[in-house]
Structures are given as C-alpha cells and as structure tokens.
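>>> Any chance you can model this:
(one chain, ligands or ions: 1)
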Amino acid sequence: MSDLILVVNAGSSSIKFKLYRVAGADPALVLGGGMSGIGTAPALTVKDGSGALVENRRFAPDEVPDASAAQHHVADWLIHHVGDQRVAAVGHRVVHGGPVYAEPVRVDDTVLRRLESFIPLAPLHQLGNLDPIRVLRQRRPDLPQVACFDTAFHRGHPELADRFALPRALHDEGVRRYGFHGLSYESVAGRLREIAPETAAGRVVIAHLGSGASLCALQDGRSQDSTMSFTALDGLPMGTRCGALDPGVVLHLIEHKGMTPAEVGHMLYHESGLLGLSGLSNDVRTLLASDRPEAAMAIDFFCRRVAQAAAALAVTLGGLDAIVFTAGIGENAPEIRRRTVAALGWAGLSLDHAANAASAARIDGPGSRAQVWVVPTDEELMIARHTMRLLGRAAPDATA
Ligand code: ADP
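Here you go, the predicted structure:
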C-alpha cells in the first residue's frame with residue numbers, strides 16, 4: 001500500500017531525506033537521514049521518528065565521490081529498507097522557482113525544463129536539486145513528484161521589494177530580487193500563527209540563521225521583503241557566503257586582480273562570510289568557543305548585520321511587533337540572539353536572559369517594545385504537507 005511521502009533535500013554537497021506516513025491529517029515522521037561527508041568521509045546516517053539511530057554506515061571516499069553517487073546510495077538504502085512501492089509521492093526542495101512559481105508544482109517534462117532554465121539563477125543549488133527529480137522520472141515515471149520552492153513564498157512582494165536600481169529591461173529578463181528560505185519562513189509563520197495568532201497577524205521579522213542566513217519581513221504572515229535577492233549570496237554574511245557586497249569589489253577582482261568569474265564565484269560562495277572574516281571556521285559554535293580576536297570580530301560583524309537588516313525591514317513594515325529567531329544558529333545560539341537584540345536596544349527591544357539561555361519559545365524581557373521568539377523551523381514537514389495537498393490527500397487547513 002502506498003502510504004508514505006518521501007521528502008528529498010538534495011544539495012550540491014549533501015543529500016538529506018525524510019519519510020512521512022500520511023495516514024492522518026498531518027504527515028507523521030517515520031525516518032530521516034542523509035549522506036554527509038561526500039568525497040571526504042562519507043557517512044549514511046538514518047534515524048527513526050523518535051530520533052533513535054537505525055543506520056550509521058561509513059564509506060570509503062571513492063565509494064561516494066560526488067552528490068550523484070550519494071543519491072544512488074540513499075535510493076538503494078530506501079528501496080532495500082522501505083521498498084519503493086510504498087512511496088506514494090516524492091516532494092523535493094528546489095531552491096529556485098524563478099518569477100513563475102508562487103506555489104509548489106507537480107513536475108512533468110515541461111515543468112522540469114522550465115526549472116532547468118533557472119539553473120543560472122542558483123548555480124550552487126538548483127542543479128543538485130533537479131538531479132534526483134530527473135533520475136526518479138526515468139526510474140519511476142508513474143511516481144508523482146512535487147517541487148517546492150524556496151522562492152515561492154516571496155512572490156507576493158510589492159514590486160518595490162523586488163526591484164534593483166538597474167535598467168528596467170534587466171528586470172523584465174529576470175534580473176530581480178527573488179528571496180529564498182521561503183519554506184522555512186512559511187513553516188515558522190504557520191507555527192507562530194498556532195502559538196501566537198495576534199502576533200502572527202502583525203509586523204514580524206523572521207531571522208533564519210543557519211549556514212545560509214536571511215531575514216524576512218512579514219505582515220499578517222505574508223512576505224513583504226527579504227534580505228536575499230537575486231541569488232542566495234545577498235544580504236547577511238553566512239557561514240561561507242559574503243552577503244551584501246559593493247558590486248565594485250567584484251569588478252575590481254576581475255579587472256585588477258585577474259580573477260576569472262568562476263574564481264570570484266568560488267570566493268564569494270565558499271571562502272567568505274564567517275569563514276573569510278575569521279580565517280578560522282564557518283561554524284558559529286567554533287567561533288564562540290575560540291578566544292581569538294578574529295573569531296570575536298566575525299561574530300560581532302554577523303550580529304551587527306542581523307540587527308541592521310532587522311531595522312531596515314522594520315522600515316518596510318512601518319514598525320516591528322516581533323522578531324523570531326530560527327534555524328541552526330537562531331534556535332541554538334543564545335549568545336547570537338543576545339548580541340543581536342542588544343544591538344536593537346536603542347529601538348526598545350530587550351531580552352529575558354534566563355528564557356533566552358533556555359531557548360524558550362518567548363524570550364523578550366519585560367517592557368520590550370517588540371516581542372522576541374525562538375521558533376524551530378521544519379522545511380521538510382512543509383514540503384510533505386504541500387506534497388500531500390497537491391495529491392489531494394490532506395485536509396485543506398493542514399498547511400496552516
Ligand atoms: P543548514 O540547514 O543551512 O545546513 P542549519 O540551519 O542546520 O544549516 O545551521 C547550521 C549552523 O548552525 C552551523 O553551521 C552552526 O554554525 C550553527 N549551530 C548549530 N548548532 C549550534 C549551537 N548549538 N550553537 C551555535 N551555533 C549552532
């Protein structure tokens with residue numbers, strides 16, 4: 001019996017999956033896992049719905065040299081342990097839906113071709129996202145596949161938010177601000193609506209701070225603006241990505257330092273951000289534990305930029321009722337939240353330090369002029385819900 005939905009999050013250097021049972025109104029997690037360390041120290045790890053380890057297999061580097069090999073190992077594991085006939089549909093995280101897709105879409109050949117045309121818009125991610133869709137369509141053409149986009153949540157932006165101050169023709173060609181992390185924002189906004197509906201109806205900034213990082217301004221749960229724009233490089237500094245940068249620097253690197261566009265791209269995506277600033281690590285845990293001044297500077301830089309961006313988005317919203325922290329750093333790093341909110345102290349924001357240290361759901365201090373929340377994101381559950389809905393298997397309010 002087909003009673004499972006597989007959610008695939010395939011990147012250029014990792015593949016993660018989650019398997020959900022669709023018996024009730026909302027998908028229930030059965031298994032989750034993925035392959036890490038591709039090409040270096042590959043390991044396939046799988047846990048069950050309660051978090052218990054069910055697989056922890058190591059591979060030699062040449063057994064899993066690239067993302068495509070990793071996909072095959074994961075697929076083989078799933079077929080062997082689950083059986084592919086039990087999977088009713090596959091939902092994929094796809095980073096770019098271009099200017100076209102404001103909703104998830106069921107993939108056919110026309111859709112796939114259109115999604116391939118967006119590869120230049122997100123070279124780091126889009127290719128890896130589409131690979132398993134293509135392979136699965138060849139192996140199981142009957143299996144419904146749904147693409148869920150990181151950009152779709154932002155497609156209702158007012159035009160002002162999606163413009164660059166560039167010649168108009170470029171906008172019409174697709175050179176415009178798209179915004180990313182939309183599945184995460186949708187997940188967090190939905191959760192906030194459940195736990196604090198009045199807050200969710202107001203002016204909210206969500207800070208998705210993970211190895212990729214961006215902020216989103218929401219009014220009544222709908223995205224109005226975001227710090228990422230044409231690519232997932234813009235806005236905040238990230239683990240290894242530079243964030244907002246004077247475009248003159250790119251011209252300088254090419255014209256005067258003789259770097260090729262590919263070399264500049266590699267630097268901006270892989271050698272910059274917290275790693276570039278500190279020269280030590282892209283991981284906030286490592287930087288917080290270090291006593292090196294470069295580590296402290298990288299953290300200070302990051303927190304200042306998050307606070308500056310939150311203030312800028314408050315202008316878009318005409319005020320700020322709540323700021324919500326989410327993703328790896330946002331959910332787990334009280335020190336980053338403390339410094340970010342401290343940098344917004346001039347605007348009247350403050351923390352309850354005990355609640356912050358405990359990563360409680362609501363962490364603002366008495367008298368704070370905006371609420372401060374910590375809300376875990378669950379992009380995969382969002383994808384499972386969308387996939388169910390597109391198959392007509394969920395109650396309509398399951399995505400709320
Ligand atoms: P992604 O899904 O984009 O890979 P995550 O949202 O999982 O990213 O975030 C990963 C980042 O979260 C890590 O690089 C690390 O910097 C940070 N992180 C995770 N746990 C902690 C923690 N306990 N304290 C500080 N930072 C953390």
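>>> neighbours around the closest residue to the ligand within the stretch 151-300 of the chain, how many?
Going by Cβ to the nearest ligand atom, the ligand is nearest to residue 210 of the stretch 151-300 of the chain, at 2.4 Å. (C-beta placed from N, C-alpha, C; glycine too.) When neighbours are counted by other Cβ atoms under 10 Å, residue 210 registers 19.
>>> Can you verify my assumption that it contacts residue 328?
Yes - look at residue 210 against residue 328 with Cβ atoms under 8 Å: they come within range, at 4.3 Å.
>>> and the residue nearest to residue 161 when sequence neighbours are not counted, which of the three is it?
Of all residues not flanking residue 161 in the chain, residue 225 sits nearest, at 4.2 Å (Cβ to Cβ, 6 or more residues apart in numbering). Recorded secondary structure, residue 225: strand (DSSP: H, G, I helix; E, B strand; the rest coil).
>>> So which residues of the chain form strands?
For the chain, the strands defined by DSSP state E cover 4-10, 15-21, 28-36, 43-48, 53-58, 87-94, 105-106, 145-149, 203-209, 213-219, 222-226, 322-326, 371-374.
>>> Can you give me the pLDDT of the residue of the chain most remote from its centre?
Among residues of the chain, the one most distant from the C-alpha centroid is residue 256; the distance is 34.5 Å, by Cα atoms, centre = their mean. What the model reports as pLDDT for residue 256 is 97.
>>> can you state the direction angle for whichever helix in the chain runs longest and strand 213-219?
Ordering each helix of the chain by length in residues (DSSP state H) puts helix 293-317 first. Angle, helix 293-317 to strand 213-219, by axes from the mean of the first three to the mean of the last three Cα atoms, to 10 degrees: 20 degrees.
>>> now the angle from helix 293-317 to strand 222-226?
Calculated by the same axes, to 10 degrees, helix 293-317 forms an angle of 130 degrees with strand 222-226.
>>> Which residues does helix 293-317 contact?
161, 203-205, 207, 209, 213, 215-219, 224-225, 227, 235-237, 243, 274, 277-281, 284, 286-288, 290, 320, 323, 335-336, 339-341, 343-344, 347 (Cβ atoms under 8 Å, 6 or more residues apart in numbering).
>>> PyMOL command for the buried members of the residues you listed?
Here is the PyMOL selection string for the buried members of these, based on 16 or more other Cβ atoms under 10 Å:
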select buried, resi 161+203+204+205+207+209+213+215+216+217+218+219+224+225+227+235+236+237+243+274+277+278+281+284+287+290+320+323+336+339+340+341+343+344+347
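>>> need the contact list for whatever residue of the stretch 1-150 of the chain ends up closest to the ligand.
As assessed by Cβ to the nearest ligand atom, the ligand sits closest to residue 14 within the stretch 1-150 of the chain, at 7.9 Å. Going by Cβ under 8 Å, 6+ apart, residue 14 touches 34-36, 38, 67, 70.
>>> What sits closest to the spatially most central residue of the chain if chain neighbours are left out?
Centrality entry for the chain: nearest residue to the mean C-alpha point is residue 181, 3.9 Å, by Cα atoms, centre = their mean. Nearest non-adjacent residue to residue 181, counting by Cβ to Cβ, 6+ apart: residue 208, 4.6 Å away.
>>> so that neighbour touches residue 183, yeah?
No - at 10.0 Å, residue 208 does not count as touching residue 183 under the criterion of Cβ under 8 Å.
>>> Tell me how far residue 337 lies from residue 202.
20 Å (Cβ to Cβ, to the nearest Å).
>>> okay, these two: which has more neighbours?
Neighbours per residue, other Cβ under 10 Å: of residue 337 and residue 202, the larger number sits with residue 337, 26 against 18.
>>> Can you show me the helices along the stretch 301-400 of the chain?
Using DSSP state H, counting those that start in this stretch, the helices of the stretch 301-400 of the chain run over residues 327-332, 334-342, 353-357, 379-390.
>>> So which of those is the most surrounded?
Highest mean neighbour count of those: helix 379-390, a mean of 25 (counted as mean count of other Cβ atoms under 10 Å).
>>> now the angle from that one to strand 87-94?
Taking the same axes, to 10 degrees, one finds helix 379-390 and strand 87-94 inclined to each other by 120 degrees.
>>> contact partners of helix 379-390?
The contact list for helix 379-390, computed with Cβ under 8 Å, 6+ apart, reads 5, 7, 9, 16, 18, 20, 22, 26-27, 29, 32, 89-93, 104-106, 144, 146, 148, 183-184, 186-187, 190, 394, 396, 398-399.
>>> Just give me the neighbour total for residue 159.
Using other Cβ under 10 Å, residue 159 has 8 neighbouring residues.
>>> same question, the one 4 residues further on
Other residues within reach of residue 163, judged by other Cβ under 10 Å, total 14.
>>> Over to residue 54?
By other Cβ under 10 Å, the residues close to residue 54 number 12.
>>> now swap in the one 5 residues further on and tell me
By the other Cβ under 10 Å criterion, the neighbourhood of residue 59 contains 18 residues.
>>> try residue 162
Neighbours of residue 162 under the rule other Cβ under 10 Å: 19.
>>> contacting residues around it?
Contacts of residue 162 (Cβ under 8 Å, 6+ apart): 171, 176-178.
>>> restrict those to contacts with the ligand.
By Cβ under 6 Å from any ligand atom, no member of the contacts of residue 162 lies near the ligand.
>>> For those, which entry has the maximal number of neighbours?
Highest count within those by other Cβ under 10 Å belongs to residue 178, 29 neighbours.
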